[in-house]
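**Student:** Here is my input; please provide its structure:
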Amino acid sequence: MRAEKRQMHIASFLKEAEFASLEELSGRLGVSVSTVRRDVDALETEGNVRRTHGGARWLPNRSDEYAFTVRNTRSVREKESIARACAEQIQHEQTVIMDAGSTIFQVARHLESRAPQIITNSLPIANLYSSSSSVEVIVSGGVIYPRLGVLVGPMAVEAFSKTHADVAIMSASGLTHEGIFNSHALLIDMQRTMIASSTRVVFCLDHTKLNHRSLFFLTGLRHLDCLITDWQAQESILDDLRCSGIEVIRAPDPG
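**Tutor:** Sure thing, here's the model as predicted:
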C-alpha cells in the first residue's frame with residue numbers, strides 16, 4: 001500500500017476514533033510501527049493529526065457532536081427521567097463510581113441527599129460537588145480531555161484499578177445482543193476498569209442507544225447487572241435483556 005493511501009486510512013480512522021496507538025494502526029494497516037510513525041509524522045505536518053507518546057490524535061476542526069456541553073442538551077426529558085430512576089437505586093452512603101457521560105451527570109445531580117462517596121473522572125461531576133459538605137468526591141488522575149470534560153490516560157485507569165465501589169453508574173454509545181459499545185477509544189480501558197472495580201454495574205442508556213452498534217466494543221452483556229432506560233424503549237429489546245438475567249428499569253414519561 002502506498003504512503004498516500006496509508007495516510008488516508010489513518011486519517012479516516014482517527015476522525016472516528018479520535019485517538020489510536022501506533023501499534024493499533026500498525027495492526028490495522030499490516031505494516032511496521034516505524035512505517036506508521038513516518039505516516040503520522042507526515043499527517044502532523046498537514047495540521048490534522050498530532051503525535052502523542054506512543055500514538056496519534058485527531059485534531060478538530062470537526063463537528064462538536066460529542067462535546068459534553070452539546071450532548072448535555074440532547075434528549076433532556078429522557079435523561080432527566082433516567083437520572084431520577086437511577087438515583088433511587090443508590091442506597092445511603094454507598095461508594096459509587098460514575099463515568100463521564102452526560103446522562104451520568106444528571107444522575108449526580110440527584111444524589112446529594114444520599115450522601116454517597118463518588119469516584120469519578122468527570123470534571124463536571126467533580127465541579128458539581130466541589131462545595132458540598134455531604135458528598136465526598138474522589139477524582140482520578142489523568143490527562144484532561146476538555147472535549148468530553150473527562151480525565152483520561154494510564155493514570156486514570158490505574159486510579160480506578162486501585163478502588164472498589166458498591167455500584168458503577170455507566171454510559172455508552174450503543175447496546176446490542178453482542179454487548180455494549182462506545183464511540184471513544186480513549187474511554188474503553190478506563191470503563192472496563194470501572195466495571196471490574198464494582199460489585200454492581202448499572203448502565204443508563206436512552207432508547208436511541210438500544211439495538212445500536214457503535215465504533216468500539218466495550219464489554220459483553222454478562223457484565224451488565226442493570227439497564228435503566230426511558231419509556232420509549234422497545235419492549236422486545238427489553239424482554240430479551242430480561243431473559244438474559246439483566247434487571248431492566250424503564251423510567252416513566254415525566255409528562
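
**Student:** Could I get the contacting residues of residue 188?
**Tutor:** Taking C-beta atoms under 8 Å, 6 or more residues apart in numbering as the criterion, residue 188 is in contact with 182, 216, 218. Backbone N, C-alpha and C define where each C-beta goes, glycine included.

**Student:** measure the second one to residue 44 for me?
**Tutor:** In this view, residue 216 and residue 44 are 24 Å apart by C-beta to C-beta, to the nearest Å.

**Student:** can I assume residue 246 is in contact with residue 227?
**Tutor:** Yes - with contacts counted by C-beta atoms under 8 Å, residue 246 reaches residue 227, the gap being 5.9 Å.

**Student:** Counting neighbours, go ahead and name the busier of the two.
**Tutor:** A count of neighbours by other C-beta atoms under 10 Å puts residue 227 above the other of residue 246 and residue 227, at 24 against 16.

**Student:** how about the more buried one, what does it touch?
**Tutor:** Counted by C-beta under 8 Å, 6+ apart, residue 227 has contacts 175, 202-203, 205, 238, 241, 246-249.

**Student:** In helices only, show me those residues.
**Tutor:** Residues of the contacts of residue 227 located in helices (DSSP state H): 238, 241.

**Student:** got a winner among the contacts of residue 227 for most neighbours?
**Tutor:** That'd be residue 203 among the contacts of residue 227, by other C-beta under 10 Å, with 29 neighbours.

**Student:** Could you report the distance from the residue nearest to that residue when sequence neighbours are not counted to residue 81?
**Tutor:** Setting aside the residues directly before and after it, residue 203 is nearest to residue 170 in space (C-beta to C-beta, 6 or more residues apart in numbering), at 4.9 Å. Separation of residue 170 from residue 81 (C-beta to C-beta): 18 Å.

**Student:** and what of residue 87?
**Tutor:** 11 Å.

**Student:** Of these two, give the one with the bigger neighbour count.
**Tutor:** The neighbour comparison of residue 87 against residue 81 (other C-beta under 10 Å) goes to residue 81, with 23 against 20.

**Student:** Nearest spatial neighbour of that one, chain-adjacent residues omitted?
**Tutor:** Nearest one to residue 81, counting by C-beta to C-beta, 6+ apart, is residue 251 at 3.9 Å.

**Student:** Can you verify my assumption that the one you found contacts residue 207?
**Tutor:** No - contact criterion C-beta under 8 Å: residue 251 and residue 207 do not qualify, at 10.2 Å.

**Student:** Quick check on these two: which one has the bigger neighbour count.
**Tutor:** The neighbour comparison of residue 251 against residue 207 (other C-beta under 10 Å) goes to residue 251, with 24 against 19.

**Student:** Pull the contacting residues for the more buried one.
**Tutor:** Contacts of residue 251 by C-beta under 8 Å, 6+ apart are 78, 81-82, 84-85, 228-231.

**Student:** one more time with 7 Å, if that's ok
**Tutor:** 81-82, 84-85, 228-231 (C-beta atoms under 7 Å, 6 or more residues apart in numbering).

**Student:** cool, residue 82 as well?
**Tutor:** Residue 82 sits in contact with 103, 204, 206, 228-230, 251, where contact means C-beta under 7 Å, 6+ apart.

**Student:** before we move on, what about residue 17?
**Tutor:** 185, 215.

**Student:** That one and residue 187, how far apart?
**Tutor:** Counting by C-beta to C-beta, the gap from residue 17 to residue 187 is 11 Å.

**Student:** same deal with residue 102?
**Tutor:** Residue 102 is 13 Å from residue 187, by C-beta to C-beta.

**Student:** More neighbours: these two, which one.
**Tutor:** Of the pair residue 102 and residue 187, residue 187 is the one with more neighbours under other C-beta under 10 Å, namely 26 against 23.

**Student:** Let me know the secondary structure of that one.
**Tutor:** helix (DSSP: H, G, I helix; E, B strand; the rest coil).
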